[in-house]
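J.: Quick one, fold the following:
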Amino acid sequence: MYRTPRVLRRVASPVALIASLALLAGCASVTPIRQLLDDPARYDGKSVRIEGVVKGSAGALGMGTYQVQDNTGTLTVVTKSNGAPRTGDKIGVQGIFQALFTLGSQSLSVLQEQSRSFP
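T.: Sure, this is the predicted structure:
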């Protein structure tokens, strides 16, 4: 019968834990845009991830704004450092959701981009 050296067991356990946490962080759940827009107070100021297609974009000097549309709705994304992606790009965006104001049944909300990926 083979016995694992004690030193190897001490190292393997923390390495497995770190690898598991890194995997979970990379698989951040995607929030449907409709869910954000239907309950903006719940998500205001919180970090969320959305995925969809860029429907319109404008940018200059590294800053920009663009709209991401998934199969549930459309949300405006604001970026201060990455510029705006091209219209038609499939994109994933992690950022801080901001519910700016609600007037009757209409609300204005944006996502302040922290990072983006092209899945």
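J.: rest of the way, CA atoms for contacts and neighbours
T.: Fine.
J.: how close does Ser117 get to Leu75?
T.: Per C-alpha to C-alpha, to the nearest Å, Ser117 is found 16 Å from Leu75.
J.: In terms of packing, which of these two has more residues around it?
T.: Legend: neighbour count by other C-alpha atoms under 10 Å for Ser117 and Leu75, higher for Leu75 (23 against 10).
J.: Could I get the full set of helices for the protein?
T.: For the chain, helices defined by DSSP state H occupy the ranges 6-26, 33-38, 40-43.
J.: least reliable of those going by mean pLDDT?
T.: Of all those, the minimum mean pLDDT falls on helix 6-26 (a mean of 50).
J.: for Asp44, what are its contacts?
T.: Contacts for Asp44 (C-alpha atoms under 8 Å, 6 or more residues apart in numbering) come out as 96-99.
J.: where does this structure dip in pLDDT?
T.: For the chain, the stretches with pLDDT under 70 are 1-28, 105.
J.: What ranges does it have for its strands?
T.: Secondary structure of the chain (DSSP state E): strands at 47-60, 63-69, 74-79, 90-103, 106-117.
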